[in-house]
Structure formats: C-alpha cells, structure tokens
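Chemist: Next one to model:
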Amino acid sequence: MKIAIAQLNPIVGNLTSNAQHILEAAQKAAQQNVDLLLTPELSLCGYPPRDLLLDPSFVEAMAIQLQQLARKLPSNVMTLVGTAMPNERSRTEGGKPLFNSIALLHQGEIRQVFHKRLLPTYDVFDEHRYFEPDGETNYLTFSSPSNSELSLKIGVTICEDLWNDEDFWGKRHYRCNPLADLADAGVDFIVNHSASPYCVGKQKLREEMLRHTAIRYGKPIVYANQVGGNDDLIFDGNSIALNRAGEVVCRGRSCQTDFVKLEFDSPSGDFLPGSIAPVARTEEEEIWEALVLGVGDYARKCSFSKVVLGLTGGIDSALVAAIAAEAIGAENVLGVLMSSPYTSKASVNDALALARNLGIATHTLEIAELMGG
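Modeler: Alright, predicted model coming up:
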C-alpha cells in the first residue's frame, strides 16, 4: 500500500484556495499510484479557524466545498481531508454544534467521517469553544484493487488524540486513550492529522513521543502536520512516519510545504524506508527557519507586497532586516534611517553596510528639526 502526506500551508478561511491545493496534491498522488493521501487537521479551512466556526454561512460553505472537492478528486486515491462537521445530536442532546473531523473522500463521495476525541484547551488551544469531543474508535478499511486478499485496518486520529499516553507523560490528561483503543481494535497502522504549532525543540519532543508510542503498541504511525504562519502561530511541518520499532522511516521538510511518500509492506506489517528530510542542525537554525516562515506568510496571507523598517545600525534592526529580506525578497524591503543630532557616524555606516550586504534599498529621513520643534 502506497501512502502520501500532503504537508500543506493553508490560508485560514480561504476554502477555495485550500481545496485547490488538496486537489493538486491528490492529482500528484494519483500520478504516482498512491492509494491513500493524508492532509493535515482542518486542512480545508485552515487551522486555527477560531470564530469563523461560529458563522453558520461559513460552515455551510465548507460543507459545499467538501462535496465539490469529493467530486473533483481522482477516483483511485482515498483522500483524508480535515474539516469541521455538524454535530446533529447537539439539537436534541446538547453539546457543541460541530466536530473537528477527518472526511474520507473516495470515488466522488464522502465515504466516512472520523471525529477528534481529545480537545485541547491549554496554551494556544481553545477547541472546547467550538467542538464536541467524540467517543468512537476511528478506523477505515483498505482493500487493494489489485489484490483481493489484501485488507488493512487503518486507525485514524487527529492531533491531540496522540498526546495522552500516561507512560510517556507520567499521567493522563484525558480519561480515554485513543491509541490504546485502536491497538485493542487490531489496526495495522495509525495515521494522525495534525496542526501542531512550533516552539523551540518541538520536533524532538514529537519524535520521542511517537517513538515511545510506536514501540509500546507495536503499531507503525504516520504523522501529517500543517506548515505555515497564521498570525501569532507558526506551524513547522516536519511530518513523519515511524515503523513498529520506533525508527523514523520518512520525514517531511521543516517550515516548507512538502509531498512525502512511503509504503506499507503487508507481509512484514511495517513501513518500508523512505526519504528522510534533515532537521535543523542547531537551535539557532531551527528558530531562523520558523521566523522566516512566519514573517513571509504574514505578509503573503495579508496581501502585503513590501516591508518598510527602521535601520539603526544596531543588532536588533539588523536581525529584523535579515529576516525580512529572506522572507519576502531583498527587492521588497526598504530600510529607513532616521538621522538626528544624537546619531553617531558609526551607526549610520553600520546601517548602510548592512543594507548593502542584504541588497535592500535605503532612505534617510532627517528628524533633527522635528525633535527641535
């Protein structure tokens, strides 16, 4: 069985653009004979959609877009798409009106829908505001079109569903453990659809947790993570797959969109080795990649084409200028020097030298008169 991860960079709320990127990934998957395509959590609307989910017209538009996408996708690829789905029971039983869901799209239809079981409400997360937790153990069945004897049971989880192993964390944060339930259900491997924000050292923690989980339950795991900057949050990608021994068999690129393929070998019940993108060599390199991604996406997603910033000759403005030049291109950055009676010649020279090194334009504003007024 061939699997692919579409490590996507969605724009929150832009349903048409996000659906198009999912479609393009599915078309690429079909060309490469992929059987199952994974996309990140809430890939159709982008994460985090926040109070857009309180607008019934937006939820309705998302449902329509999902149906249209199902009809457009290549019929030979099973595609798992992150979306929000109505909680029909909320009308009669109470609870939140939506689920955080993964829809299985295949042969022009929505074949199955899986709902997130564990909803985080700590740090940057506030999912209980919008979603109802689900209690079902989620899995799909894959039957090979070329081999009638090959049938696989694939466990489906969404982000936080992975983060509740008491052996790893020392205690449970939720009553249920979806991974233990999937292991009891006898799945062949587990897929996880995530929108996991970046912080320093996060990928190392993820890989340690996933390694522990794969070994504990003896189940290979595929982890598909979102990439991109969305206002105050940065998502670093680094999608990954581990075999039953907890060894990394493939990894997506850090802070970039990617399309990652791997293969499940039915006789061995495990993943075969695939391509492994390198991780940052140092903490500083890791932070640099995230800052460049965040600034670049903030400009692009807010439709800013150019950046104007102050150059003082100091380290702080030098770092900001370097990030901006890398993120949106030096030709789109203007450095402004504000000269005053207190500005040293060395500061001016340092600022101009920096601009030359980066290839950015400069403009000098004399502010002495303004200061005297």
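
Chemist: where in the protein is pLDDT low?
Modeler: 146, 148, 373 (pLDDT under 70).

Chemist: how about the helices of it, start to end?
Modeler: For the chain, the helices defined by DSSP state H occupy 15-31, 56-72, 90-93, 166-169, 178-185, 202-217, 283-301, 315-328, 345-358, 368-372.

Chemist: which one of these lies closest to A4?
Modeler: Smallest distance to A4 across the helices of the chain (Cβ to Cβ): 4.8 Å, for helix 15-31. The way it works is simple: take the backbone N, C-alpha and C, and place the C-beta from them, glycine included.

Chemist: Contacts for the closest one, please.
Modeler: 4, 6, 8-11, 37, 39, 43-46, 61-62, 65, 68-69, 72-74, 76-77, 79, 81, 259 (Cβ atoms under 8 Å, 6 or more residues apart in numbering).

Chemist: ditto for stretch 187-195
Modeler: By Cβ under 8 Å, 6+ apart, stretch 187-195 touches 3, 36, 38-43, 47-48, 80, 82, 102, 139, 152-159, 161-162, 179, 182, 219-226, 235, 264, 269, 271.

Chemist: change it to 7 Å
Modeler: Contact with stretch 187-195 is made by 38-42, 47, 80, 82, 102, 139, 152-159, 161-162, 179, 182, 219-226, 235, 264, 269, as judged by Cβ atoms under 7 Å, 6 or more residues apart in numbering.

Chemist: of these, buried ones?
Modeler: 38-42, 47, 80, 82, 102, 139, 152, 154-159, 161-162, 179, 182, 219-226, 235, 264 (16 or more other Cβ atoms under 10 Å).

Chemist: Mind checking which of those are in strands?
Modeler: Using DSSP state E, the members of the buried ones among the contacts of stretch 187-195 that fall in strands are 38, 80, 82, 102, 139, 152, 154-158, 221-225, 235, 264.

Chemist: Now, of the contacts of helix 15-31, which are buried?
Modeler: 4, 6, 8-11, 37, 39, 43-46, 61-62, 65, 69, 73-74, 77, 79, 81, 259.

Chemist: In space, what's closest to L140 - neighbours in sequence excluded?
Modeler: I154 (5.2 Å; Cβ to Cβ, 6 or more residues apart in numbering).

Chemist: Mind listing the residues bridging to that neighbour?
Modeler: Beta bridges link I154 to L140, F189, judged by DSSP bridges.

Chemist: wouldn't it be in contact with N138 here?
Modeler: No - counting by Cβ atoms under 7 Å, I154 does not reach N138; the two are 9.5 Å apart.

Chemist: Could you pull up the residues touching the residue nearest to P178 when sequence neighbours are not counted?
Modeler: Nearest non-adjacent residue to P178, counting by Cβ to Cβ, 6+ apart: D161, 4.3 Å away. Listed by Cβ under 7 Å, 6+ apart, the contact set of D161 reads K116, R117, L118, P178, N192.

Chemist: For the residues you listed, which single residue is the most surrounded?
Modeler: Tallying neighbours with other Cβ atoms under 10 Å puts N192 at the head of the contacts of D161, with 29 neighbours.

Chemist: residues near H115, how many?
Modeler: H115 has 20 nearby residues by other Cβ under 10 Å.

Chemist: From L69, how far off is it?
Modeler: Counting by Cβ to Cβ, to the nearest Å, the gap from H115 to L69 is 19 Å.

Chemist: again with I158
Modeler: Applying Cβ to Cβ to I158 and L69 gives a distance of 19 Å.

Chemist: Kindly report the same for D184.
Modeler: 33 Å.

Chemist: again with N177
Modeler: Relative to L69, and taking Cβ to Cβ, N177 is found at 32 Å.

Chemist: sorry, back to before: mind giving me a markdown table with the helices of the chain and columns for distance to F131?
Modeler: Output for the helices of the chain, formatted as a markdown table (distance: least, Cβ to Cβ, whole Å):
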| stretch | distance to F131 |
| --- | --- |
| helix 15-31 | 18 |
| helix 56-72 | 12 |
| helix 90-93 | 11 |
| helix 166-169 | 22 |
| helix 178-185 | 15 |
| helix 202-217 | 22 |
| helix 283-301 | 24 |
| helix 315-328 | 33 |
| helix 345-358 | 44 |
| helix 368-372 | 52 |
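
Chemist: I'm done for today, thanks for sticking with me.
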